[in-house]
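Chemist: Sequence plus predicted model, see below.
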Amino acid sequence: SNTTGTYYLPSHTYADTGVYYITQWVYTPDGCMDIITDTLHIYGEYILFAPSAFTPNGDEDNDFFMPKGIGVVGEEFEMYIYDRWGDQIDKVTGVWSDDPAIGWDGHANEGKREAQTDVYVWLIKTQDFRGEEHEYIGHVTLIK
C-alpha cells in the first residue's frame, strides 16, 4: 500500500505472511530527495501441539503419538522417547506430514516389545526452512 505524509518514525503493519518490497522516498525541507528500497520477508509461526495421551491398541484411533504443528509440514525431524528413568526407548525420524503413522507406535527397544502403560518424555528436534533449529520437549501417557 502507498502511504504519503510527514512522519518522524513511519511504521506499517502487514496482514499476512509473504515477501514485501519496500521503497521509501525522503525529502528534506530544501527539496533534496533520497530513495531506499529493501525486501521484507514475513514468515509464519513454527509451533507444535502435542496430545497428552495415546492408545496404541490397533483400533486405528490414536494408535500413534505424533504432535501436530504450524509451519512444520515437509520438514525433517527426529523424535526421541524416554522412559521415567531417562533411558531412550525409541527414536523416530522422517519428514513431517499429516500422516499419523509417522509417529511413535508405542513400541520400545527398536520395536522388539510394547511399552507399558506409563508416562513417557519426548524430545523433538527439527529445523525450519531457514535452517533455524527447534527443540520441543514434553510428556505423553501411553494407555492400553
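Modeler: Here it is on my side, so go on.
Chemist: Could I get the phi/psi values of residue 101?
Modeler: phi -70, psi 0 (degrees, to the nearest 10).
Chemist: and what of residue 102?
Modeler: The phi/psi pair for residue 102 (degrees, to the nearest 10) is phi -80, psi -10.
Chemist: give me phi/psi at the residue nearest to it when sequence neighbours are not counted?
Modeler: In this structure, residue 102 finds its nearest non-sequential neighbour in residue 94, 4.9 Å apart by C-beta to C-beta, 6 or more residues apart in numbering. C-betas here are computed from N, CA, C, even on glycine. Phi and psi for residue 94, reported as degrees, to the nearest 10, are phi 160, psi -160.
Chemist: For residue 94, give the beta-bridge partners.
Modeler: residue 77 (DSSP bridges).
Chemist: Spit out the contact partners of the closest residue to residue 89 other than its chain neighbours.
Modeler: Spatial nearest neighbour of residue 89, chain neighbours left out: residue 108 (3.9 Å); criterion: C-beta to C-beta, 6+ apart. Residue 108 makes contacts with 81, 83, 89, 90, 114, 115, as judged by C-beta atoms under 8 Å, 6 or more residues apart in numbering.
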